[in-house]
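Novice: please find the sequence and the predicted model below.
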Amino acid sequence: MRIKALSAVAILSATLATTLGAAKPQGYLAEGAFDLMQVLPPAPIAGDARYKADRTIFKKTRKLIGTPRWQLATSDVKTDQRSLMADFSCAVGVALTPEDAPRTEALVARARADTSRQTNIAKDFYKRRRPFLIDHGKICQPEAELADSYDYPSGHTTLGWTWALALSDLLPERATAILARGRAYGDSRFICGAHNESAVEAGKLSAGSTMQVVRQTPAYQADAAAARAELRRLTADPATPRPTGCDVEAKLVAQRLL
């Protein structure tokens, strides 16, 4: 009985370790392997052209409140892996879930650890206020959720663009739809009013430049090969569930905003 009890404890400990590891995966890059601060342009400051443009865009996009594009922006607020996989399912052509595509999920979990770390360094350095704290206007999520973080670069955009770049690596034949969805995911942040447009552009630059280094690591390349095979099996299998509402989403993704 003692052996069984010890075995149960060992299994529980291993499961807990795996769960904790999945929650905060180690990235592909060693500390110091890349420095976004040497690449990213400074955050806009009061009086310059980018600052003025951000304020204009925030005010203009309040007209989208209640529209279908506003609803998509609201849906894009969630940043957990399952939600992001669902967000890119139409672009990929199959319904992505962590259960059906675990290698793909694990690949991006590691990559986003790298891209998020770089974005967070810049956020803490610039400490730029969010647009709704400068100009009055409704946003698509509770303000309290954003109270302890800054605007520049956009963390949501960083995550969405990380997913877009990784998925386009895995399925280059779907790159146009995938990257368009990634761009729209970022656009959702200034439509929401949670970020300035310049922060969205900075989030894409943060993810894109960091991923350029991540992609060169042998570990990423090995994981990408396994994830690519996984996605190709899923997309080729007629039994794989297909996402719904893709025609509507495609029109919203293509909608001209600025």
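Specialist: Structure's in. What do you need?
Novice: what helix or strand is the residue minimising distance to the centre of the chain located in?
Specialist: By CA atoms, centre = their mean, the chain has its centre lying nearest to residue 159, at 1.9 Å. Under DSSP states H and E, the secondary-structure element containing residue 159 is helix 155-170.
Novice: which neighbouring elements make contact with that helix?
Specialist: Judged by 3 or more CB pairs under 8 Å, 6 or more residues apart in numbering; DSSP states H and E, the packing partners of helix 155-170 are helix 81-87, helix 102-126, helix 175-192, helix 197-214, helix 218-236. Heads up, the C-betas are built off the backbone N, CA and C, glycines and all.
Novice: if you set the cut-off to 6 Å instead, what comes out?
Specialist: helix 102-126, helix 175-192, helix 197-214, helix 218-236 (3 or more CB pairs under 6 Å, 6 or more residues apart in numbering; DSSP states H and E).
Novice: what about it, average pLDDT?
Specialist: Computed over helix 155-170, the mean pLDDT rounds to 98.
Novice: what's the offset of that helix from the middle of its chain?
Specialist: The chain centre lies 6 Å from the centre of helix 155-170; the measure is CA atoms, centre = their mean, to the nearest Å.
Novice: who's in contact with it?
Specialist: 79, 84, 88, 108, 111-112, 115, 119, 175, 178-179, 182, 185-186, 189, 200, 203-204, 206-207, 211, 224, 227-228, 231 (CB atoms under 6 Å, 6 or more residues apart in numbering).
Novice: so what pLDDT did residue 147 get?
Specialist: 86.
Novice: wait, residue 43 sits on residue 150?
Specialist: No: using CB atoms under 6 Å, residue 43 is not in contact with residue 150; the gap is 8.9 Å.
Novice: what do these two both touch?
Specialist: With CB under 6 Å, 6+ apart as the test, residue 43 and residue 150 both reach residue 128.
Novice: re the thing from before, which one of the helices and strands packed on helix 155-170 lies nearest to residue 73?
Specialist: Between residue 73 and those, the shortest gap by CB to CB is with helix 175-192, which sits at 3.8 Å.
Novice: quick one: distance of that closest one to the chain centre.
Specialist: Worked out by CA atoms, centre = their mean, helix 175-192 lies 10 Å from the chain centre.
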